[in-house]
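**Student:** predicted model and sequence follow; I will ask about them next.
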Amino acid sequence: MKENEPSLTEQARFRREKLEEIRAMGMDPYPHEFETDHHADDILSKTDLLEGSEEERPRVRLAGRIMTRRIMGKAAFFNLQDQSGTIQVYIRRDDVGTDIYNTLFKKYIDLGDIVGVSGFVFKTRTGETTVHAESFSLLTKTLRPLPVAKEVEDEEGNVTVFDAFADKELRYRQRYLDLIVNPHVRDVFVKRSQMIQEMRSFMTQKGYLEVETPILQPVYGGAAARPFETHHNTLDMKLYLRIANELYLKRLIIGGYEGVFEFAKDFRNEGMSRFHNPEFTQVELYVAYKDYNWMMSFVEQMIEHVVLKLHGTTKVTVGDNEIDFKAPWKRIPMLDSIKESTGVDLSGMDEEEMRQAARNLGVSVDNTMGKGKIIDEIFGEKVEHTLIQPTFITDYPIEMSPLAKKHRSKDGLVERFELMCNGKELCNSFTELNDPVDQRERLEEQARLRSEGDDEAMVVDEDFLRALEYGMPPTAGLGIGIDRLAMILTNQDSIRDVLFFPHMRPD
RNA sequence: GAAUCGGUAGCUCAGUCGGUAGAGCAACGGCCUUUUAAGCCGUGGGUCGAGAGUUCGAGCCUCUCCCGAUUCACCA
């Protein structure tokens, strides 16, 4: 036995000692492979595994972690958890031998260890489908105890969990443990993956090309946000982690592709909250010869399709709300939505009248704000949180949208929509600005705001402007917040619960 | 960035008035061949988030700091 290492807990020391004992038995505690042919859910669902006498039944091989154990002298039950779920295994000394049962299984195996078994399926006298092990082997010895919870299932199938591993800090910092002991957490991420997969195939089937564009950018653009900065040693230059990929996808439209999309990790050096993580995922899509009206129809079809695939219905329960994604969705111009919610008609007001209207509504505005900012402020304070069912808010003030094309009929507005859902923005989309002269003026206005201290104003991207001068066809663009959509479709109220590894301060 | 709440055994949590650090599960030693929060007998396990202060004495009181959760502010 080794000298106790004071930094280890008693339980961790015991496991290291067991590891040595297993090696002393001539066994490898970390073998190279183990062939399996079944998962837990296969065994629970396939009735043919129970046909005939025990000798006649097919043999199954499976592997996973030991999550609970009930030893009764010369026989024992344990629960084996794999990716698909959990199944009970029955093991007896008289089947697997004294070395394997008494020494390996009873003395040296711990909860959490990864093991492989083979045997036949039977039902216990209480009716539980169980694998009767004919062989048992250790596949990976664990050195730390798992935070295993106990579960009780009553006759209605309701599961009560005792002492669950619930500390959010530990769950986020050690997500692998969360995934092992909280199976419902695995389901959330499976749903997220399916959601992305359905969107991908939906867009691919339309003929759009999935692309990859730079994350390290010499000039950041495509959104209003502060970036993360980094440095390229060889070129000795500053680079930025992208805040959006919009301007690169537009370059590809200029290059002749008529539909491109990218699932993109974007990075914004701003606050964290249950709706914000410094790195987050958007899908952006650009389609040539289309406008924002077409895009509204596209996105409602795509999301309706995804919701149907994931839930089998267009209705999703989120917190206290039931959201119905059945298309078509309500479309309402921003000023009309403000009028609808507050009774105040801002159209036709000058800047000073608007400022007064905002104050009358209890929305704080200051004298540096222009009309666009005031409208945005009123909308954000008074309307946004009331929009629970999917709703397209259209026709935004031009000041807030330097990359969107001017509205074809409404002065001072652009052809832009945001999709609101469960009181939050889910999508952002425009008829893209493709007039290079107008675009230059708008970006130069951004540069002016920037020089006045607005550190979220956009930077002039000369290479992008040059590309636009070669001609971008009329184009509709779309961005969807993947994390927020995942939150809605999995009924999670924090972005951290749909990110495997949410950003945390170092501990 | 602000406010509130929290950090005690591997996990979930108690800890009274400032007076030897507690429980359940997990672990360790036994018994037990259809159990399922298995059961029965026995045992060990603690830098009480970190540091300083007050005190004869601090898990508890005071101060500073660290980490987290929630809400608010900015943002998608």
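**Tutor:** In hand now; what should we look at?
**Student:** check the gap between residue A:459 and RNA strand B for me.
**Tutor:** Distance of residue A:459 to RNA strand B, computed by Cβ to the nearest atom of the strand, to the nearest Å: 15 Å. C-betas here are computed from N, CA, C, even on glycine.
**Student:** try residue A:170
**Tutor:** Taken as Cβ to the nearest atom of the strand, the spacing of residue A:170 relative to RNA strand B amounts to 6 Å.
**Student:** quick one: contacts for that residue?
**Tutor:** Residue A:170 sits next to A:147, A:177, A:178 when contact means Cβ atoms under 8 Å, 6 or more residues apart in numbering.
**Student:** you'd agree residue A:121 is in a helix?
**Tutor:** No - using DSSP: H, G, I helix; E, B strand; the rest coil, the secondary structure at residue A:121 is strand, not a helix.
**Student:** and the residue nearest to it when sequence neighbours are not counted, which of the three is it?
**Tutor:** For residue A:121, ignoring the flanking residues on the chain, the nearest one in space by Cβ to Cβ, 6 or more residues apart in numbering is residue A:49 at 4.2 Å. For residue A:49, the assignment made with three-state DSSP gives helix.
**Student:** still on that earlier bit, which members of the contacts of residue A:170 occur in helices, if any?
**Tutor:** Of these, the ones assigned to helices by DSSP state H are A:177, A:178.
**Student:** look up phi and psi at residue A:294.
**Tutor:** When quoted as degrees, to the nearest 10, the phi and psi of residue A:294 stand at phi -60, psi -40.
**Student:** how about the residues of the stretch 301-450 of chain A by RNA strand B?
**Tutor:** A:380, A:424, A:425, A:428 (Cβ under 7 Å from any atom of the strand).
**Student:** just the residues you listed: which are in helices?
**Tutor:** Going by DSSP H, the helices hold none of those.
**Student:** any chance of those in TSV, with pLDDT too?
**Tutor:** Shown next, in TSV, are these (pLDDT from 0 to 100):
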residue	pLDDT
A:380	88
A:424	90
A:425	91
A:428	95
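**Student:** name the member of those with the most neighbours.
**Tutor:** residue A:428 (22 neighbours; other Cβ atoms under 10 Å).
**Student:** which residues does that one bridge with?
**Tutor:** Counting by DSSP bridges, residue A:428 is bridged to residue A:418, residue A:479.
**Student:** got CSV for the contacts of residue A:170, with neighbour count too?
**Tutor:** Converted to CSV, the contacts of residue A:170 look like this (neighbours: other Cβ atoms under 10 Å):
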residue, neighbour count
A:147, 19
A:177, 17
A:178, 21
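**Student:** RNA strand B: which of the contacts of residue A:170 is nearest?
**Tutor:** Nearest to RNA strand B among these, counting by Cβ to the nearest atom of the strand, is residue A:147 at 3.3 Å.
**Student:** surely the closest one is in contact with residue A:177?
**Tutor:** Yes - contact criterion Cβ atoms under 8 Å: residue A:147 and residue A:177 qualify, at 6.1 Å.
**Student:** so what's in contact with these two at the same time?
**Tutor:** Contacts common to residue A:147 and residue A:177, judged by Cβ under 8 Å, 6+ apart, are A:165, A:170.
**Student:** returning to that earlier point: from the contacts of residue A:170, which are also near RNA strand B?
**Tutor:** Within the contacts of residue A:170, those near RNA strand B by Cβ under 7 Å from any atom of the strand are residue A:147.
**Student:** could you dump the contacts of residue A:170 to TSV with distance to residue A:260 and pLDDT?
**Tutor:** TSV is the format used below for the contacts of residue A:170 (distance: Cβ to Cβ, whole Å; pLDDT from 0 to 100):
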residue	distance to residue A:260	pLDDT
A:147	45	86
A:177	39	90
A:178	36	90
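**Student:** can you lay out the contacts of residue A:170 as JSON lines showing distance to residue A:405?
**Tutor:** Formatted as JSON lines, these follow (distance: Cβ to Cβ, whole Å):
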{"residue": "A:147", "distance to residue A:405": "54"}
{"residue": "A:177", "distance to residue A:405": "50"}
{"residue": "A:178", "distance to residue A:405": "45"}
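**Student:** hmm, back to that, for RNA strand B, state which of the residues of the stretch 301-450 of chain A next to RNA strand B is nearest.
**Tutor:** residue A:425 (3.5 Å).
**Student:** distance of that closest one relative to residue A:388?
**Tutor:** Counting by Cβ to Cβ, to the nearest Å, the separation of residue A:425 from residue A:388 is 13 Å.
**Student:** now swap in residue A:361 and tell me
**Tutor:** 21 Å.
**Student:** likewise residue A:194?
**Tutor:** Separation of residue A:194 from residue A:388 (Cβ to Cβ): 24 Å.
**Student:** what do you get for residue A:333?
**Tutor:** 19 Å.
**Student:** repeat for residue A:113
**Tutor:** Computed as Cβ to Cβ, the residue A:113 to residue A:388 distance reads 47 Å.
**Student:** and for residue A:128?
**Tutor:** 43 Å.
**Student:** more neighbours, these two?
**Tutor:** Just comparing residue A:128 and residue A:388: by other Cβ under 10 Å the higher neighbour count belongs to residue A:388, 18 against 13.
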